[in-house]
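Q: Below is the structure, and that's it, no one-letter string:
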């Protein structure tokens, strides 16, 4: 990088960098665009003006930077860039508009669905999904029949993100797609659309050969609370894949099934009692000073542990509690708090 350019970056000279960007080689161009990205909103207007330049490579760099800045003030320039003669400029403009999320971009993005280039169509579909506006649904439905599996997968995912129930039937049909990624995305999309009527389609996916398809099917059945899925989900808790078993267990919990802890019995049984025992120890420590009650050795030991912890937080409250049976940390704590050791407490031999 030239020293002149370095100095401009250090000085934050946006206009100077823009001027150098027009004549920079490829390596300097990347450094300059990266610097302009760091300037954020300040660089949007001068960058947008470069979208009229003759160099397609420069226009592509500019569109990428505007997409990273994500300023709403760049939307109009990016929508115009969707009509650029260079396919890479159009593709990156579509991606940038999806990231910004302005509904004004929907008409321009839907026009790209007629492109011959698969990459451009796929990028436009994903951008429409990110925008999440219902007006794009009708334009996306034909893409579910596309010959390219990546296009079909992108369309299913986009319809799921939009979440409009008018796409429910089409997405259910996509569950039978020959491509495993399309099926996987369909299982996830049905959960996002949020209609329990998708229950039968999701139950059928619990038997699919793809682990992630079964996993997302179980998750969506729990999200939708499909009661007819209770038995299939119980069976799914015996699935060979741990991911599927966990999602099936979580789904059963959402459905209120008493068998929801089946696949994680050993873990949950070890955790729940442990939390209860801690609570019972604290209660014992508070009630241990009642007169006329003798503690067993085990209870006294348990109580002294709790009292020691309690004394660290609140020494004054613990001062009136019974003295432990041996000169342990309790004696040291009482000494630090200014209390004299009781007659029952014996000092350790090394302190004689």
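A: Alright, I've got the coordinates. All of these numbers come straight from a predicted model, not from anything done at the bench.
Q: what's the helix or strand hosting residue 37 packed up against?
A: Assigned by DSSP states H and E, residue 37 falls within helix 26-39. Of the remaining helices and strands, those touching helix 26-39 by 3 or more C-beta pairs under 8 Å, 6 or more residues apart in numbering; DSSP states H and E are helix 3-11, helix 14-21, helix 56-69. Backbone N, C-alpha and C define where each C-beta goes, glycine included.
Q: Report all helices and strands that the shortest one contacts.
A: Under the contact criterion of 3+ C-beta pairs under 8 Å, 6+ apart, helix 14-21 touches helix 3-11, helix 26-39, helix 44-49.
Q: Now do the longest one and helix 14-21, the angle between them.
A: Direction vectors for helix 26-39 and helix 14-21, defined by axes from the mean of the first three to the mean of the last three C-alpha atoms, to 10 degrees, enclose an angle of 160 degrees.
Q: what does helix 26-39 rub up against?
A: Residues outside helix 26-39 that contact it (C-beta atoms under 8 Å, 6 or more residues apart in numbering) are 1-2, 5, 9, 12, 14, 17-18, 20-21, 24, 43, 47, 57-58, 61-62, 64-65, 68-69.
Q: Now do stretch 120-137, average pLDDT.
A: The pLDDT scores in stretch 120-137 average 97.
Q: Just the buried residues of it, please?
A: By neighbour count on 16 or more other C-beta atoms under 10 Å, the buried set for stretch 120-137 is 120-131, 133, 136-137.
Q: In helices only, show me the residues you listed.
A: 120-131, 137 (DSSP state H).
Q: just curious, which of those is nearest to residue 78?
A: The closest of these to residue 78 turns out to be residue 127 (C-beta to C-beta; 10.5 Å).
Q: give me phi/psi at the closest residue to the closest one other than its chain neighbours?
A: The shortest distance from residue 127 to any residue other than its chain neighbours is 2.9 Å, reached at residue 98 (C-beta to C-beta, 6 or more residues apart in numbering). Main-chain dihedrals, residue 98, degrees, to the nearest 10: phi -60, psi -40.
Q: what's the answer for the one 3 residues further on, then?
A: Backbone torsions of residue 101, given as degrees, to the nearest 10, read phi 80, psi 30.
Q: what residue ranges in this protein score low on pLDDT?
A: For the chain, residues meeting the criterion pLDDT under 70 lie at 1, 258-352.
Q: What is the helix or strand harbouring residue 253 packed up against?
A: Residue 253 is part of helix 242-255 when elements are defined by DSSP H and E. The contact analysis (3+ C-beta pairs under 8 Å, 6+ apart) places helix 242-255 against helix 211-224, helix 230-236.
Q: and these as JSON lines, adding distance to residue 160?
A: Below are the helices and strands packed on helix 242-255 laid out as JSON lines (distance: least, C-beta to C-beta, whole Å):
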{"stretch": "helix 211-224", "distance to residue 160": "10"}
{"stretch": "helix 230-236", "distance to residue 160": "21"}
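Q: how many neighbours does residue 50 have?
A: 20 (other C-beta atoms under 10 Å).
Q: quick revisit: go through the helices and strands packed on helix 242-255 and pick out the most buried.
A: helix 211-224 (a mean of 25; mean count of other C-beta atoms under 10 Å).
Q: Residue 75 against residue 104, yeah?
A: Yes - using C-beta atoms under 8 Å, residue 75 makes contact with residue 104 at a distance of 5.9 Å.
Q: between those two, who's got more neighbours?
A: Neighbours were counted for residue 75 and for residue 104 using other C-beta under 10 Å; residue 75 has more, 21 against 14.
Q: show me where the stretch 151-300 of the chain has helices.
A: 168-174, 180-193, 199-205, 211-224, 230-236, 242-255, 265-287, 297-313 (DSSP state H, counting those that start in this stretch).
Q: Which neighbouring elements make contact with the first one?
A: When you say that, I think you mean helix 168-174. With contacts defined as 3+ C-beta pairs under 8 Å, 6+ apart, helix 168-174 has these neighbours: helix 149-162, helix 180-193.
Q: Can I get those helices in CSV including mean neighbour count and distance to residue 246?
A: As requested, the helices and strands packed on helix 168-174 are exported to CSV (neighbours: other C-beta atoms under 10 Å; distance: least, C-beta to C-beta, whole Å):
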stretch, mean neighbour count, distance to residue 246
helix 149-162, 24, 22
helix 180-193, 24, 16
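Q: Residue 241: which of those is closest?
A: Distance to residue 241, taken as C-beta to C-beta, is lowest for helix 180-193 among the helices and strands packed on helix 168-174, at 13.3 Å.
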